[in-house]
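[1] quick one, structure for this:
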Amino acid sequence: MQRRDFLRNALGAVAGGALLPRAAEGLWPDAMRAGLGPIGIQLYTVRREMARDVESTLATIAQIGYREVEFAGLFNHSAKDVRAMLDRHGLKAPSSHVGMPRSMDQWPAMLDDARTLGQSYIITPSFPNDDLSPDGMKRIAEQFNAAGAAAKKAGLQFGFHNHAEEFKPVGGQVPYDTLLAECDPSLVKFEIDIFWMVTGGRDPLAYLAKYPGRFPMVHAKDRTADGRMTDVGSGTIDWPKMLGAFERAGLKHCFVEHDDPADPFASARASYAYLSRLKI
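    Numbering: from 1, shown residues only. Presented below is the predicted three-dimensional model:
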């Protein structure tokens with residue numbers, strides 16, 4: 001199940017500065033030397049663990065060394081209760097993934113939850129419809145601009161997270177490119193999922209060069225030579241080059257992710273261990 005489908009199912013639940021743990025203290029200097037700042041994780045990676053016990057999962061993520069998390073659902077907990085859990089474990093949540101609501105009437109409650117969690121960004125990994133034609137993408141861009149304007153009034157930044165299908169030409173145009181052209185840069189930012197962009201046959205660094213200032217966040221997940229998703233540092237992506245370029249372009253947040261790891265916590269540990277020692 002891709003996260004966009006997961007979030008469609010979980011939309012109702014989504015809408016509905018402590019000290020560092022000692023386990024993280026020894027890793028923190030390495031993470032800072034990498035130039036990445038606090039390394040984050042998209043909690044979709046550990047969604048099954050979150051479904052069983054949110055606080056225990058957050059505690060384990062903090063013990064690994066992560067300082068930031070990006071939510072994909074609150075698992076029947078209130079934003080207030082989840083914020084208290086974050087505070088207890090020294091975690092920040094600068095961003096969440098949410099499904100686009102069927103009605104903008106649902107948007108204020110979602111923005112309220114985002115503010116309660118301490119977010120700066122609210123990101124959607126899904127479209128309000130499946131029309132990826134040039135005209136369809138223009139209509140989607142209008143909806144994204146409206147969502148972005150409402151988020152801006154609430155003190156938040158709206159954004160879009162890609163998968164691979166947005167890079168397959170439809171009607172002679174690349175849907176992702178149409179979205180970039182039609183969305184107001186001040187209202188809609190883009191979170192590049194590096195694995196899915198590469199899988200879609202595109203070069204993240206080319207987009208970074210062509211559209212400066214549009215990509216404040218990335219999802220770091222690696223890709224094997226035969227196209228399978230793998231832990232960061234165990235695949236073919238040149239992470240020093242990739243993240244070095246994004247960092248120089250003003251990267252704000254880097255979130256590790258694996259969509260379907262055999263052992264979610266082991267995957268989270270492996271990716272953190274690599275990134276915490278990365279020199280860029």
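[2] ok, residue 245 - contacts?
    Residues near residue 245 by C-beta atoms under 8 Å, 6 or more residues apart in numbering: 205, 208. For every residue, glycine as well, the C-beta is placed using N, CA and C.
[3] same deal with the one 4 residues further on?
    Shown here is residue 249, whose contacts under the criterion C-beta under 8 Å, 6+ apart are 208, 212, 213, 215.
[4] so what's it scoring on pLDDT?
    Note on residue 249: pLDDT of 94.
[5] and it, how far is that from residue 219?
    Residue 249 sits 16 Å away from residue 219 when distances are taken as C-beta to C-beta, to the nearest Å.
[6] so how far is the first residue of stretch 221-241 from its last?
    Counting by C-alpha to C-alpha, to the nearest Å, the length from the leading to the trailing residue of stretch 221-241 is 15 Å.
[7] which positions within that stretch qualify as buried?
    Residues 221, 222, 223, 229, 230, 231, 232, 233, 235, 237, 239 are the ones in stretch 221-241 that count as buried (16 or more other C-beta atoms under 10 Å).
[8] kindly export the helix or strand hosting residue 139 (C-alpha atoms) in CSV.
    With elements delineated by DSSP states H and E, residue 139 resides in helix 134-153, which encompasses its position. As requested, C-alpha coordinates have been extracted for helix 134-153 and formatted as CSV (Å, rounded to 0.1, in the frame of the first residue of the first chain):
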residue,chain,number,x,y,z
PRO,A,134,-2.4,18.9,-18.5
ASP,A,135,-5.8,20.3,-17.8
GLY,A,136,-6.3,18.0,-14.8
MET,A,137,-3.0,19.0,-13.3
LYS,A,138,-3.9,22.7,-13.7
ARG,A,139,-7.1,22.1,-11.8
ILE,A,140,-5.1,20.2,-9.1
ALA,A,141,-2.7,23.1,-8.9
GLU,A,142,-5.6,25.5,-8.3
GLN,A,143,-6.7,23.3,-5.4
PHE,A,144,-3.1,23.1,-4.1
ASN,A,145,-2.8,26.9,-4.3
ALA,A,146,-6.0,27.3,-2.3
ALA,A,147,-4.8,24.8,0.3
GLY,A,148,-1.5,26.6,0.4
ALA,A,149,-3.2,30.0,0.9
ALA,A,150,-5.2,28.6,3.9
ALA,A,151,-2.0,27.0,5.3
LYS,A,152,-0.1,30.3,5.0
LYS,A,153,-2.9,32.1,6.9
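[9] just the angle for the helix or strand that that helix is followed by relative to helix 134-153, thanks.
    The element immediately downstream of helix 134-153 (helix or strand, assigned by DSSP H and E) is strand 157-161. For strand 157-161 against helix 134-153, the angle by axes from the mean of the first three to the mean of the last three C-alpha atoms, to 10 degrees is 140 degrees.
[10] hey, what's the angle from the next helix or strand after strand 157-161 to helix 134-153? Just curious.
    Towards the C-terminus, the helix or strand next in line after strand 157-161, according to DSSP H and E, is helix 175-182. For helix 175-182 against helix 134-153, the angle between stretch directions is 50 degrees (the same axes, to 10 degrees).
[11] and helix 175-182, C-alpha only, in PDB?
    Output of helix 175-182 as PDB, limited to C-alpha atoms (Å, rounded to 0.1, in the frame of the first residue of the first chain):
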ATOM      1  CA  PRO A 175       2.400  16.000 -14.800                       C
ATOM      2  CA  TYR A 176       5.000  17.000 -12.100                       C
ATOM      3  CA  ASP A 177       6.300  19.700 -14.400                       C
ATOM      4  CA  THR A 178       2.900  21.100 -15.000                       C
ATOM      5  CA  LEU A 179       2.300  21.200 -11.200                       C
ATOM      6  CA  LEU A 180       5.600  23.000 -10.700                       C
ATOM      7  CA  ALA A 181       4.700  25.500 -13.400                       C
ATOM      8  CA  GLU A 182       1.100  26.100 -12.200                       C
END
